[in-house]
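K.L.:
quick one, structure for this:
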Amino acid sequence: GSAYLIMRTEGEVQRHFFGLGLVVTVCTFGAAIATMILMPSLHAPLAKRWTSEPFAGYLLTVFSGSAAAFLLLIRSLAKRQKHAPFLWSLAIFLLTFCGVWAGIYPYIVPATVTAQAAASSSETLVIMLASIGMLIPVIIFYNGYVYLVFRGDITEESGYGEP
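P.N.:
From the prediction side, this is the model:
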């Protein structure tokens, strides 16, 4: 959220979110490292899975990429770059999602339910795909319209937030 607001604001508000973003990023990085260390020690099957091939290689790649993205996010916040923090935040989100997926696949609930066992029947999936397929153009149009209406930076002169 801070990275998005850095990208969309100027002046004092933007300076506030640079500072807040840096604090939150460092705290999140610490929590991610703690989670990565504690999870295998609390769940033996997960530790076995994380250290066996080919998953160990996948996870090492994803964790290394996430660590690099965190460090680059901290650097971009320290250098007060306007767009880079948002892009590095997206990279962290995507890499973390891939790491979680790679870490527990094929299980949905670790060591209990596989993705194949949790899947619906083929007929249900086809109906859901058709239904969602009709809504996707509406969602894309709506998001495009909202982006068009709220485009541009929020400045102190623009009058946003005044009573």
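K.L.:
what's the lowest-mean-pLDDT helix or strand in the chain packed up against?
P.N.:
Comparing every helix and strand of the chain by mean pLDDT, DSSP states H and E singles out strand 107-109 as the least confident one, with a mean of 72. Packing partners of strand 107-109 (3 or more CB pairs under 8 Å, 6 or more residues apart in numbering; DSSP states H and E): strand 113-114, helix 115-118. Just so you know, the C-beta spots here come from the backbone N, C-alpha and C atoms, and that holds for glycine as well.
K.L.:
of the ones you listed, which stretch is the most buried?
P.N.:
Scoring the helices and strands packed on strand 107-109 by mean neighbour count under mean count of other CB atoms under 10 Å gives strand 113-114 as the most buried, with a mean of 12.
K.L.:
partners of it, with directions?
P.N.:
strand 107-109 (antiparallel) (DSSP bridges).
K.L.:
show me where the protein has helices.
P.N.:
2-8, 11-42, 44-51, 55-78, 84-104, 115-118, 122-149 (DSSP state H).
K.L.:
can you name the residues in contact with the least confident helix or strand of the chain?
P.N.:
Residues from elsewhere that reach strand 107-109 (CB atoms under 8 Å, 6 or more residues apart in numbering): 113-115, 118.
K.L.:
just put the helices and strands packed on strand 107-109 in TSV and tack on mean pLDDT and distance to P137.
P.N.:
Conversion of the helices and strands packed on strand 107-109 to TSV gives the following (pLDDT from 0 to 100; distance: least, CB to CB, whole Å):
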stretch	mean pLDDT	distance to P137
strand 113-114	79	33
helix 115-118	80	28
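K.L.:
as TSV, these with distance to F70 would be great.
P.N.:
Converted to TSV, those look like this (distance: least, CB to CB, whole Å):
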stretch	distance to F70
strand 113-114	31
helix 115-118	28
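K.L.:
what separation is there between L94 and K48?
P.N.:
26 Å (CB to CB, to the nearest Å).
K.L.:
more crowded one of the two?
P.N.:
The neighbour count for L94 versus K48, taken as other CB atoms under 10 Å, is higher for L94 (14 against 11).
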